[in-house]
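Colleague: Just need the structure, nothing else, for what follows:
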Amino acid sequence: MDSPIPDYLEQILSNVWDDTDGEVADYIPELAETDPSYLGAALCTTTGHLYSTGDCTVPFSIQSISKPFVYALALEEYGLDKVREIVGMEPSGEAFNELSLNRYDNRPVNPMINAGAIAVTQLINGVDSSVEDRVECIRAYFSQMAGRELRIVESVCESELGSTDRNYSLAHMLRNYDIISDEAHDAVATYVNQCAIEVTTEDLAVMAATLANGGKQPVTREKILSTQVCRQTLAVMSSAGMYDGAGRWMAAVGIPAKSGVSGGLIGCLPGQLGVATYSPRLNEEGNSVRGVRAFELLSNDMGLHLMSTEDRYNVHSIRNVEDTADATVIHLQGVLNFNAAESILYQLADYEWDRRRVVLDVSRVTETNRMGWKMMKEGLRRLREAGKDIAVVDPDDNLTNRTLSDGTEVPVRDEDPAEN
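Modeller: Next up is the predicted model:
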């Protein structure tokens, strides 16, 4: 049985495909040549399961999505108190490249705008590091987060360096107030190289899931960052990751996120998953138009909003799987939400089905949400399509809608065959 999750992601993309609003970033010549039709999505759980669809392996430069990851690395190297000496953590309410600092202490207001990112980047690998060594440190660290070797796209780097007067202005302003000690051109060179690291949508989903997983890379299982660093990074992303659209983002989507002007967008649901989309057309705030819409649909469908009152926790969703004389019985327990359904479907995908009949026992399920049950129904439908007879045991009538995507209904058994 194939997981229905890639198909669900494809459905989300089809719902936003026709939206052609926005324009590709043209202030960086290399980005201006990007095909605006690209559209991809990927989701990685904290258990290391990666799902993707669309243009999910098309490479593009990470741009400002690099900011939270470098901020996390600086926190890991120096601690929060030291990093706070040069950058705040308040939302700016301004554009990402605004020429402004905190009027009280001349620090950039947060690390997600360009001024703050430049200040943070020059901390990496020690304040006396060369540009080359600092850039390599960042590239190697991003590769750890992605679980594969990443490279810097020199053509993007050269293109941006030739059109980055505003960032030079920011760096000179930071140096004027002793926020950075690097020469302005060196600070910008490091930052631009950082933004030119090449990733795919799948890479970003895994990197986002690493932050959501408390710093443990979910695929390689390598511990890269501390849980405290990830908590701090996600907190700042939640208030400042979407620039002057951050308030609207938190109201509509409700998860820590970060965008980039190449069209990438990541979101992190703490303890559960990382999500990424890629679509190059941007809105006025510099955020991907179709990416924002896709995230809104995902959040509403999957119950991802951090302010949601839904119970989002589950432990060992499959109590056990039992082969009886005439059926394979899957005993579920706890809360059946999207995260639980993903885990269940992943475990069942490679199960050796020796019985023709498959029965889903939900008598110990305490609560279901719409998306979790929708995923499970699609899994049952695919099992039936593969030649199995399907049914559920639901003595408390928890499953109010048993209609499958093909219009048929999941049959109900009055009793658990495992008890006979």
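Colleague: Strands of the stretch 51-200 of the chain, start to end?
Modeller: 60-61, 198-199 (DSSP state E, counting those that start in this stretch).
Colleague: Make a markdown table out of those and add distance to Lys82 and mean pLDDT.
Modeller: Quick note: C-beta positions are derived from backbone N, CA and C, even for glycine. Formatted as a markdown table, those follow (distance: least, Cβ to Cβ, whole Å; pLDDT from 0 to 100):
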| stretch | distance to Lys82 | mean pLDDT |
| --- | --- | --- |
| strand 60-61 | 29 | 97 |
| strand 198-199 | 28 | 98 |
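Colleague: want to throw these into a markdown table with mean neighbour count and distance to Leu404?
Modeller: A markdown table is the format used below for these (neighbours: other Cβ atoms under 10 Å; distance: least, Cβ to Cβ, whole Å):
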| stretch | mean neighbour count | distance to Leu404 |
| --- | --- | --- |
| strand 60-61 | 26 | 38 |
| strand 198-199 | 22 | 37 |
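Colleague: Could you dump those strands into a markdown table and include distance to Ala386?
Modeller: A markdown table is the format used below for the strands of the stretch 51-200 of the chain (distance: least, Cβ to Cβ, whole Å):
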| stretch | distance to Ala386 |
| --- | --- |
| strand 60-61 | 37 |
| strand 198-199 | 36 |
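Colleague: Low-confidence ranges, the stretch 51-200 of the chain, go.
Modeller: Within the stretch 51-200 of the chain, the stretches with pLDDT under 70 are 92-102.
Colleague: repeat that for 50
Modeller: Regions of the stretch 51-200 of the chain meeting the criterion pLDDT under 50 are absent.
Colleague: which stretches of it form helices?
Modeller: 66-78, 80-84, 114-121, 131-146, 154-161, 165-176, 184-195 (DSSP state H, counting those that start in this stretch).
Colleague: Can you check which of the ones you listed gets nearest to Tyr8?
Modeller: helix 131-146 (23.7 Å; Cβ to Cβ).
Colleague: Grab the CA positions of the closest one and hand them over as CSV.
Modeller: Only the C-alpha atoms of helix 131-146 are listed here, as CSV (Å, rounded to 0.1, in the frame of the first residue of the first chain):
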residue,chain,number,x,y,z
VAL,A,131,35.3,34.9,5.2
GLU,A,132,36.3,31.6,3.5
ASP,A,133,36.4,29.6,6.7
ARG,A,134,33.2,31.1,8.0
VAL,A,135,31.4,30.4,4.8
GLU,A,136,32.7,26.8,4.8
CYS,A,137,31.5,26.4,8.4
ILE,A,138,28.0,27.5,7.5
ARG,A,139,27.9,25.3,4.3
ALA,A,140,29.0,22.2,6.3
TYR,A,141,26.5,22.9,9.0
PHE,A,142,23.7,23.3,6.5
SER,A,143,24.8,20.0,4.9
GLN,A,144,24.4,18.3,8.3
MET,A,145,20.9,19.7,8.6
ALA,A,146,19.9,18.5,5.2
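Colleague: Packing partners of that helix?
Modeller: Counting contacts by 3 or more Cβ pairs under 8 Å, 6 or more residues apart in numbering; DSSP states H and E, helix 131-146 is packed against helix 66-78, helix 184-195, helix 201-212.
Colleague: Is it possible to get a markdown table of those helices that adds distance to Cys137 and mean neighbour count?
Modeller: Shown next, in a markdown table, are the helices and strands packed on helix 131-146 (distance: least, Cβ to Cβ, whole Å; neighbours: other Cβ atoms under 10 Å):
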| stretch | distance to Cys137 | mean neighbour count |
| --- | --- | --- |
| helix 66-78 | 8 | 24 |
| helix 184-195 | 10 | 24 |
| helix 201-212 | 16 | 28 |
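Colleague: coming back round to it: figure out which of the strands of the stretch 51-200 of the chain is closest to Gly291.
Modeller: The nearest among the strands of the stretch 51-200 of the chain, by Cβ to Cβ, is strand 60-61 at 12.2 Å.
Colleague: partners of the closest one in the sheet?
Modeller: Take DSSP bridges as the rule and strand 60-61 pairs in its sheet with strand 198-199 (antiparallel).
Colleague: about what we covered before: tell me which of the helices and strands packed on helix 131-146 lies nearest to Pro395.
Modeller: Using Cβ to Cβ, the nearest of the helices and strands packed on helix 131-146 to Pro395 is helix 201-212, at 35.6 Å.
Colleague: Who are the packing partners of that closest one?
Modeller: Applying 3+ Cβ pairs under 8 Å, 6+ apart, one finds that helix 201-212 makes contact with strand 40-45, strand 50-54, helix 66-78, helix 131-146, helix 227-240, strand 264-269, strand 273-278.
Colleague: Between helix 227-240 and it, find me the angle.
Modeller: With axes from the mean of the first three to the mean of the last three Cα atoms, to 10 degrees defining the directions, helix 201-212 sits at 110 degrees from helix 227-240.
Colleague: What average pLDDT does helix 201-212 get?
Modeller: Average pLDDT, helix 201-212: 98.
Colleague: Distance of Thr403 relative to Val410?
Modeller: 8 Å (Cβ to Cβ, to the nearest Å).
Colleague: coming back round to it: make JSON lines from the helices and strands packed on helix 131-146 and add distance to Asp21 to it.
Modeller: Formatted as JSON lines, the helices and strands packed on helix 131-146 follow (distance: least, Cβ to Cβ, whole Å):
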{"stretch": "helix 66-78", "distance to Asp21": "25"}
{"stretch": "helix 184-195", "distance to Asp21": "24"}
{"stretch": "helix 201-212", "distance to Asp21": "20"}
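Colleague: With respect to Ser129, which of those helices lies nearest?
Modeller: Between the helices and strands packed on helix 131-146, helix 184-195 lies closest to Ser129; by Cβ to Cβ that is 8.8 Å.
Colleague: Provide the strand pairings for the longest strand anywhere in the chain, with the direction of each partner.
Modeller: Ranked by residue count and defined by DSSP state E, the top strand of the chain is strand 357-368. In the sheet, strand 357-368 lines up against strand 327-336 (parallel), strand 389-393 (parallel) (DSSP bridges).
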